[in-house]
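Participant: requesting a structural model of the entry that follows:
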Amino acid sequence: QMLEKAFRVVDQNLDNPDFDVPQFCSAMNMSKTLLYSKLKSLTGQSATEFVRNIRLKEARKLLQQNAHQRTISEIAYMVGFNDPLYFSRCFRKYFGIPPSEIEN
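Facilitator: Numbering: from 1, shown residues only. As a prediction, this is how the structure comes out:
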């Protein structure tokens, strides 16, 4: 139940580049320590990793559905990244391939 709410909160703030851990904590009505410990025990991820990984998975989905209608930069902004270069680095680290190699 807590995890479902966490996914919902992140999804509602997906395109907000200013959505950060303090806002996440506030939306979840939890302290930073409690949110961290619950997410760590349930997912093995910190709050920051949890948010970033959801954003990256959504970006991958958008890239696969894209059919070259949007640039990688546009998709990066759509999922809350301020910097397309940082997005590409995170994407490559998480999926093992650059976003440009995602097939539709």
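Participant: the nearest residue to Pro98 once chain neighbours are set aside: neighbour count?
Facilitator: Leaving out its chain neighbours, the residue that sits closest to Pro98 by CB to CB, 6 or more residues apart in numbering is Arg92, at 5.0 Å. Using the backbone N, CA and C atoms, a C-beta is placed for each residue, glycine as well. Residue neighbour count, defined by other CB atoms under 10 Å, stands at 14 for Arg92.
Participant: where does Arg92 fall, secondary structure wise?
Facilitator: Here Arg92 is covered by helix 84-95, with elements defined by DSSP states H and E.
Participant: buried set for that helix?
Facilitator: For helix 84-95, a neighbour-count test (16 or more other CB atoms under 10 Å) marks 84, 87-88, 90-91, 94 as buried.
Participant: ok, which stretches of the chain are strands?
Facilitator: Using DSSP state E, the chain contains no strands.
Participant: buried stuff in the longest helix anywhere in it?
Facilitator: Secondary structure of the chain read by DSSP state H shows that its longest helix is helix 47-66. For helix 47-66, burial by neighbour count (16+ other CB under 10 Å) applies to 47, 50-52, 54-56, 58-60, 62-63.
Participant: ok, stretch 33-41 next?
Facilitator: Within stretch 33-41, the residues scored as buried using 16+ other CB under 10 Å are 35-36, 38-39.
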